[in-house]
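Trainee: predicted coordinates and the sequence they were generated for:
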Amino acid sequence: MGTKAGSILSERMRFTLSCYALLLPSVLLLSIFVYIPVLWAFSKSLYQFEVGGESEFIGLRNFGEILWRDPIIWPSLLNMAIFTVIAVCIRLSIPVVVAKLIYSLPTERGRYYFRLAFLTPIVVPGVAVQLIWGGLIYADQGLLNELLQRVGLPQLAHGWLSDPRTALIACAMVGFPFVGGFEVLIYYAGLANIPQSVNEAALLEGCTGVRKFFMIDVPMIMSQLKLILILTIIGGVQGFEALFILTRGGPGFRTMVPGLWMYFNAFSFQRMGYACAIGVCLFLIIFTLTLLNIRYFRSTEELEGVR
């Protein structure tokens with residue numbers, strides 16, 4: 001009996017060790033390319049240095065400059081908040097409606113083709129999308145200005161990205177009509193997972209159309225809404241690639257965001273320590289907003305638990 005128990009224990013130990021061995025390469029790669037650079041950034045945020053130069057310990061002076069002496073940080077934070085709020089409002093509304101429309105199609109073949117159609121733009125590189133909007137749509141002789149000329153509104157045609165009054169909102173509108181395949185598919189999967197018994201009960205109660213959408217469908221896909229909300233907030237706080245391609249923070253600093261300002265400090269001004277401090281602040285903002293989202297934005301499972 002003891003020999004058999006020992007054999008079972010030994011077999012479990014070998015299985016456990018083999019699982020850890022399979023995970024070890026992923027953990028090592030994550031450590032080398034994610035965890036160690038993050039820890040390095042936290043430590044170097046207390047130093048003043050440039051690439052290849054000597055490091056000088058300055059304590060919290062970088063953070064003091066962020067809070068009180070940098071005239072760019074606070075306007076860039078406001079721009080970041082505007083971009084993030086617009087992105088949240090868009091991604092929690094339009095893709096949900098499109099997903100519901102696809103899900104409501106009468107045939108599976110029709111649903112399949114529409115899912116494929118909305119998924120296709122994902123394969124287009126994001127850089128190409130930004131270049132198309134900046135060079136073909138928002139250009140002085142671009143699609144938008146030509147359209148305004150054709151409809152008899154030439155007075156509205158101007159440089160959308162070079163005008164301080166319109167640059168911010170023009171950048172926020174890139175991607176119109178905002179039906180990215182990723183969000184649509186996530187919401188569609190949530191709608192498809194709603195139990196058929198729930199839909200049948202709603203039909204028997206006369207809850208259909210728009211009323212069913214808000215009273216049944218939306219509460220049942222709160223988990224998907226929560227996921228998209230977290231991803232949108234993270235992308236809005238740390239994102240800068242689109243603005244770097246479209247405006248480089250201009251005109252002036254009208255479209256500057258903290259992520260782009262961090263990039264300029266690191267690679268244009270060679271203020272690596274200050275850039276690390278900005279990165280740490282962005283990490284704290286994302287971490288705080290994610291915790292608040294997890295704490296106060298209830299998923300479908302949590303709502304069912306409350307009931």
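Mentor: That came through, no problem.

Trainee: doesn't Q141 fall inside a helix?
Mentor: No. Counting by DSSP: H, G, I helix; E, B strand; the rest coil, Q141 falls outside a helix, being coil.

Trainee: where are the low-confidence patches of the stretch 201-307 of the chain?
Mentor: Along the stretch 201-307 of the chain, segments meeting pLDDT under 70 span 297-307.

Trainee: which residues touch stretch 138-148?
Mentor: 135-137, 154, 156-161, 170, 246 (C-beta atoms under 8 Å, 6 or more residues apart in numbering). Yep, even glycine has a C-beta here, placed from its N, CA and C like the rest.

Trainee: and the gap between F213 and V34?
Mentor: For F213, the distance to V34 (C-beta to C-beta, to the nearest Å) stands at 40 Å.

Trainee: what about these two, which has more around it?
Mentor: Shown here are F213 and V34; by other C-beta atoms under 10 Å, F213 has more neighbours (16 against 10).

Trainee: how near is A128 to K100?
Mentor: As judged by C-beta to C-beta, A128 and K100 stand 29 Å apart.

Trainee: give me the more crowded residue out of those two.
Mentor: Just comparing A128 and K100: by other C-beta under 10 Å the higher neighbour count belongs to K100, 18 against 10.

Trainee: surely that one touches L191?
Mentor: Yes. Judged on C-beta atoms under 8 Å, K100 makes contact with L191 at a distance of 6.4 Å.

Trainee: one step back: in JSON lines: the contacts of stretch 138-148, plus secondary structure, neighbour count and distance to L282.
Mentor: Putting these into JSON lines (DSSP: H, G, I helix; E, B strand; the rest coil; neighbours: other C-beta atoms under 10 Å; distance: C-beta to C-beta, whole Å) gives the following:
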{"residue": "G135", "secondary structure": "helix", "neighbour count": "12", "distance to L282": "29"}
{"residue": "L136", "secondary structure": "helix", "neighbour count": "12", "distance to L282": "32"}
{"residue": "I137", "secondary structure": "helix", "neighbour count": "19", "distance to L282": "29"}
{"residue": "P154", "secondary structure": "helix", "neighbour count": "11", "distance to L282": "42"}
{"residue": "L156", "secondary structure": "helix", "neighbour count": "13", "distance to L282": "36"}
{"residue": "A157", "secondary structure": "coil", "neighbour count": "16", "distance to L282": "37"}
{"residue": "H158", "secondary structure": "coil", "neighbour count": "14", "distance to L282": "33"}
{"residue": "G159", "secondary structure": "coil", "neighbour count": "15", "distance to L282": "30"}
{"residue": "W160", "secondary structure": "coil", "neighbour count": "24", "distance to L282": "28"}
{"residue": "L161", "secondary structure": "coil", "neighbour count": "23", "distance to L282": "24"}
{"residue": "A170", "secondary structure": "helix", "neighbour count": "22", "distance to L282": "24"}
{"residue": "L246", "secondary structure": "helix", "neighbour count": "22", "distance to L282": "20"}
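
Trainee: nearest to C19 among those?
Mentor: Nearest to C19 among the contacts of stretch 138-148 is L246, at 46.3 Å by C-beta to C-beta.

Trainee: the chain: strands as residue ranges?
Mentor: 47-48, 56-57 (DSSP state E).
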